[in-house]
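Engineer: Quick one: sequence plus predicted model below, questions after.
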Amino acid sequence: MKENYFIFFSNCIPVYGVEYTAICDFQNGKIHHFDSNLKELIQLIDSRISLKQLENRYIEEKDGLANFLHYFYEKGIGMYTNEVESFPRLPIQWDHPSKVTNAILDFGIETDYSVKSILDELDYFRCKHIQLRFFEVIPLQILHDVLSVFKESDVLSIDLIFNDDIPLFELKKLYLVTSKINSVTIFNAKEDQIVGNLPFLISYLNRKISNEKSCGLITKEHLSTGLHLFMESHFHNNCLNRKISIDKDGNVKNCPSMNWDYGRVQTGNLKEKILQALNHEVTQIKKSEIEVCRECEFRMVCTDCRAYLEKPSDMYSKPLKCGYNPKTGIWEEWSTNPIKKDAIGFYALKHII
Ligand code: SF4
Ligand code: SF4
């Protein structure tokens, strides 16, 4: 029996840019990238017209059409069927039971805020995932003290980021303090290495980070095929929505790199400060509203950055640390692009590049 339709799988969703198209495959964690020549064909398949209509549209390019359909089939992007209605599209929607989905807590040598008081509030907002970042060398005893506070909280997972090498046996000891540790990332390591045979993932990275200013980098490798990010990106800012941060001085912020804050943890009503952060308009700036990104086929799989902008005075400008050009489809080094020079100076990023 000959099937009458070729459709994309529900887990393969096309996103159209000004020149290129990305088909985001959430089940296999792949992003398929196509140039403008295939845009119309992808749109027609996506509209679920019949094969007969497709063949009529490409009557003089029948072999080419068959080749491309075969390619989509081979790559696991789509299939032939007679039962289109049995394969409904994934609804584009997003919600989350937590008012704060995750939080970043930064620590320095002189950090003196109470982790316990923050966790009490984060439990109220049902925050289950925490990232702890240590950009300076922290005595191990302080690390143990910080982690032990989490034993009594509702937090489910902790991701640790360090800027100096900590021996493996010391990392294992941290896990004895709390088994909520999900991952450890160590920057400035001698070489890249993944240790995956422990209850938590350890990544050693031979990459330098200095402080919170190292955040916000957007490269091809940073694109994510998580369905959660894809859906959230349609409605909110995918880096700042329902997230809060405490910088190393104890200031409540949308992210530690922001140049404004809502006051210190140590003074006043912490819940109100968190609510102010959650309700700030920056948390709702969508990729489709951002200059350049709105034309980019990666806009739903790319984590945004609102702290470092190509035009610092324009909250809707492109992330500074992205070197992708949606018109050419080329990734270039962002830090040497002359149009970014003024912004690099404005954020004083030169010494961390
Ligand atoms: S807004 Fe930028 S600097 Fe802040 S957490 Fe997001 S990516 Fe990092
Ligand atoms: S930051 Fe914008 S232009 Fe760069 S890859 Fe992401 S969506 Fe595309």
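Structural biologist: Alright, I've got the coordinates. Numbers count the residues shown, from 1 in each chain. Ligands and ions are numbered 1, 2, ... in the order given.

Engineer: Next, count neighbours for residue 183.
Structural biologist: 14 (other Cβ atoms under 10 Å). In short, each C-beta sits where N, CA and C put it, glycine included.

Engineer: I'd assumed residue 205 was in contact with residue 184.
Structural biologist: No. Residue 184 is beyond contact range of residue 205, at 11.1 Å (criterion: Cβ atoms under 8 Å).

Engineer: Who has more neighbours out of these two?
Structural biologist: residue 184 (23 against 16).

Engineer: For the stretch 101-250 of the chain, give me the ranges with low pLDDT.
Structural biologist: Applying pLDDT under 70 to the stretch 101-250 of the chain flags no residue at all.

Engineer: Which positions in it make contact with ligand 1?
Structural biologist: 215, 216, 239, 240 (Cβ under 6 Å from any ligand atom).

Engineer: Check which residues of stretch 126-136 are buried.
Structural biologist: 127, 128, 129, 130, 131, 132, 133, 134, 135 (16 or more other Cβ atoms under 10 Å).

Engineer: Spatially nearest residue to the third one (excluding sequence neighbours)?
Structural biologist: In other words, residue 129. residue 102 (4.0 Å; Cβ to Cβ, 6 or more residues apart in numbering).

Engineer: Now do the contacts for the one you found.
Structural biologist: Shown in contact with residue 102 (Cβ atoms under 8 Å, 6 or more residues apart in numbering): 127, 128, 129, 130, 131, 242, 243.

Engineer: just checking, which of those residues belong to strands?
Structural biologist: 129, 130, 131, 243 (DSSP state E).

Engineer: Surely the first one touches residue 157?
Structural biologist: Yes. A contact is recorded between residue 129 and residue 157 when judged using Cβ under 8 Å, the distance being 5.0 Å.

Engineer: joint contacts of those two?
Structural biologist: residue 182.

Engineer: Tell me which residues of stretch 55-69 come out buried.
Structural biologist: 58, 65, 68, 69.

Engineer: swap in stretch 81-98?
Structural biologist: Quick answer for stretch 81-98 (16+ other Cβ under 10 Å): residue 94.

Engineer: List the contacts of it.
Structural biologist: 1, 3-7, 9-11, 13, 48, 125-128, 227-228, 231-232, 234-236, 242.

Engineer: A helix includes residue 70, no?
Structural biologist: Yes. Looking at residue 70 with DSSP: H, G, I helix; E, B strand; the rest coil, it is inside a helix.

Engineer: Show me what the mean pLDDT comes to for stretch 301-313.
Structural biologist: The average pLDDT within stretch 301-313 is 97.

Engineer: How much space separates the residue nearest in space to the middle of the chain from residue 202?
Structural biologist: Geometric centre of the chain, nearest residue: residue 303, 3.6 Å, by Cα atoms, centre = their mean. With distances taken as Cβ to Cβ, to the nearest Å, residue 303 is found 22 Å from residue 202.
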